[in-house]
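Chemist: Here is a sequence with its predicted model. Questions after.
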Amino acid sequence: MAMNLPSQRGRGRRSPMADINVTPLVDVMLVLLIIFMVTAPLLTQGVPVNLPDSRAKPLEQDQQPTEIAIDADGRIFIAKEEVAPDALPQRLDAIAARGSATQPPQVFLRADRGLDYGRVMRVMGELNRAGLNRVALVTVGED
């Protein structure tokens, strides 16, 4: 069995390097990590809403919640789809019908901080009327 060992004869010539240079691989992976870290929060946001600050801890959840957003103009969105105020009760009844009797669906309410209190309370009143009592108000974490 012959092995390719460095010999004294080929002193002037360099033998091919059989090692893998991992530095470029690490550089590319770090750049991709940074790109994903920057873009991931942008993918989860739907309607641009200026959320208030809070020191509350994130909620533990077992199923995908329904997201309701109210933007600065007072327009109501259910899962990124705009809903007319008069069609809101029917849409909320349909969402409530999807849940079981023991566990109603979880609802995340995102409202712009510039809205008046009454507008947000009207939506919360409709949620309560439809039987959607597991409502979480979404805020931005305070540092």
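Modeler: Good, I have the coordinates.

Chemist: For the chain, which helix or strand comes out least confident on mean pLDDT?
Modeler: Scoring the helices and strands of the chain by mean pLDDT, DSSP states H and E places strand 140-141 at the bottom, with a mean of 72.

Chemist: what residue ranges in the protein are flagged as low confidence?
Modeler: Residues of the chain meeting the criterion pLDDT under 70: 1-12, 42-49, 58-63, 101-102, 141-143.

Chemist: Residue 107: what's it in contact with?
Modeler: Contact partners of residue 107, counting by CB atoms under 8 Å, 6 or more residues apart in numbering, are 65-68, 95, 127, 132, 134-136. Heads up, the C-betas are built off the backbone N, CA and C, glycines and all.

Chemist: nearest to residue 37, of those residues?
Modeler: In terms of CB to CB, no member of those lies closer to residue 37 than residue 67, at 22.5 Å.

Chemist: Is that closest one in a helix, a strand, or coil?
Modeler: strand (DSSP: H, G, I helix; E, B strand; the rest coil).

Chemist: The closest residue in space to it that isn't next to it in sequence in helix, strand or coil?
Modeler: Residue nearest to residue 67 in three dimensions, not counting chain neighbours: residue 108, with 4.8 Å by CB to CB, 6 or more residues apart in numbering. Look at residue 108: counting by three-state DSSP, its state is strand.

Chemist: so residue 108 sits right up against residue 70, yeah?
Modeler: No. Taking contacts as CB atoms under 8 Å, residue 108 lies outside contact range of residue 70: 11.9 Å.

Chemist: tell me which element residue 24 is part of?
Modeler: helix 23-44 (DSSP states H and E).

Chemist: Next, report how far the next helix or strand along the chain from that helix is displaced from the centre of its chain.
Modeler: As assigned by DSSP H and E, the chain's next helix or strand after helix 23-44 is strand 53-54. Remark: strand 53-54 is offset 17 Å from the chain centroid, using CA atoms, centre = their mean, to the nearest Å.

Chemist: list the helices and strands strand 53-54 packs on?
Modeler: On a contact count with 3 or more CB pairs under 8 Å, 6 or more residues apart in numbering; DSSP states H and E, strand 53-54 meets strand 140-141.
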